[in-house]
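Peer 1: Generate coordinates for the sequence data below:
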Amino acid sequence: MSSDFEGYEQDFAVLTAEITSKIARVPRLPPDEKKQMVGHVEKQLEEAKELLEQMDLEVREIPPQSRGMYSNRMRSYKQEMGKLETDFKRSRIAYSDEVRNELLGDDGNSSENQRAHLLDNTERLERSSRRLEAGYQIAVETEQIGQEMLENLSHDREKIQRARERLRETDANLGKSSRVLTGMLRRPHRVENEIHPRAPASLQKVLPKTQATEAPSADTYGGLLHAGHWAKRFGCQTARSC
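Peer 2: Residues are numbered from 1 along each chain as shown. Next up is the predicted model:
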């Protein structure tokens, strides 16, 4: 893209240099050569305008982040083009006055005021044209800035939406964890008394109460069995009733 633009730049530079040289030569040429030279300059000015249009199209294809430098160069080329057109118009007016003076003699001097008036009008038109071009360029740049801002806002919106989705997932996981912890805290601690499965039923009342996780010691269990043996021998139902 930039290579095409630079190629148009080179062609424009060569062409404008030729136009400048020919415009400067117009007042010094004989009448026949002046007419021919004016025709050549008109054609070359049209070619220069076409080159500017091609360059402008190339600039619009350049990414916005790299477009600023080329836009500034385009403004400079358009100003140069406007100056060439102004100089050419003045040269043509001088050429027309010279031809008229040759045809009319001294009567041609009456056109000085008209020529000055035409020059003033031409300069005013050129200034208005430059203002319009500057306004158009500002509008284009403003549109580009607005487009970039909209793209940035769209990216920020996507980031915010993804962050909200992650927050919802986190809230759901926290809710599940909270319910599990609440259930664990509400579960009662059950304390159960264990009686050795081999102890006689008559001795269950005198067995010491222990935690569910503790078993009676060997000495305690042996003593209880011995007491139950002697209780049965003396005819007592339990060791406590003897």
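Peer 1: any idea of the mean pLDDT for the longest helix seen in the chain?
Peer 2: Identified as the longest helix of the chain according to DSSP state H is helix 112-186. Average pLDDT, helix 112-186: 78.
Peer 1: What helices and strands are in contact with that helix?
Peer 2: Packing partners of helix 112-186 (3 or more C-beta pairs under 8 Å, 6 or more residues apart in numbering; DSSP states H and E): helix 64-104. Where you see a C-beta, it was placed from the backbone N, CA and C, and this is true even at glycine.
Peer 1: what angle sits between the helix it packs on and helix 112-186?
Peer 2: 170 degrees (axes from the mean of the first three to the mean of the last three C-alpha atoms, to 10 degrees).
Peer 1: name the helices or strands packed onto the helix or strand hosting V38?
Peer 2: Element membership for V38 (DSSP states H and E) is helix 31-61. If you count contacts as 3+ C-beta pairs under 8 Å, 6+ apart, helix 31-61 packs onto helix 2-25, helix 64-104.
Peer 1: Quick check: closest non-adjacent residue to Q147.
Peer 2: P64 (7.6 Å; C-beta to C-beta, 6 or more residues apart in numbering).
Peer 1: how much space between the one you found and G146?
Peer 2: From P64 across to G146, the span is 11 Å (C-beta to C-beta, to the nearest Å).
Peer 1: and P63, what are its phi and psi?
Peer 2: Torsion angles at P63 (phi, psi; degrees, to the nearest 10) stand at phi -60, psi 150.
Peer 1: ok so, going back, mind listing what's buried along the helix holding V38?
Peer 2: 34, 37-38, 41, 44-45, 48, 51-52, 54-56, 58-59 (16 or more other C-beta atoms under 10 Å).
Peer 1: Show the average pLDDT along that helix.
Peer 2: 91.
Peer 1: E126 touches G82, doesn't it?
Peer 2: Yes: using C-beta atoms under 8 Å, E126 is in contact with G82, at 5.7 Å.
Peer 1: any idea how far S76 is from M69?
Peer 2: On the measure of C-beta to C-beta, S76 and M69 end up 11 Å apart.
Peer 1: List the contacts of the residue lying closest to L15 once chain neighbours are set aside.
Peer 2: Residue nearest to L15 in three dimensions, not counting chain neighbours: A48, with 5.2 Å by C-beta to C-beta, 6+ apart. Residues counted as contacts of A48 (C-beta atoms under 8 Å, 6 or more residues apart in numbering) are F12, L15, T16, I19, M81, L84.
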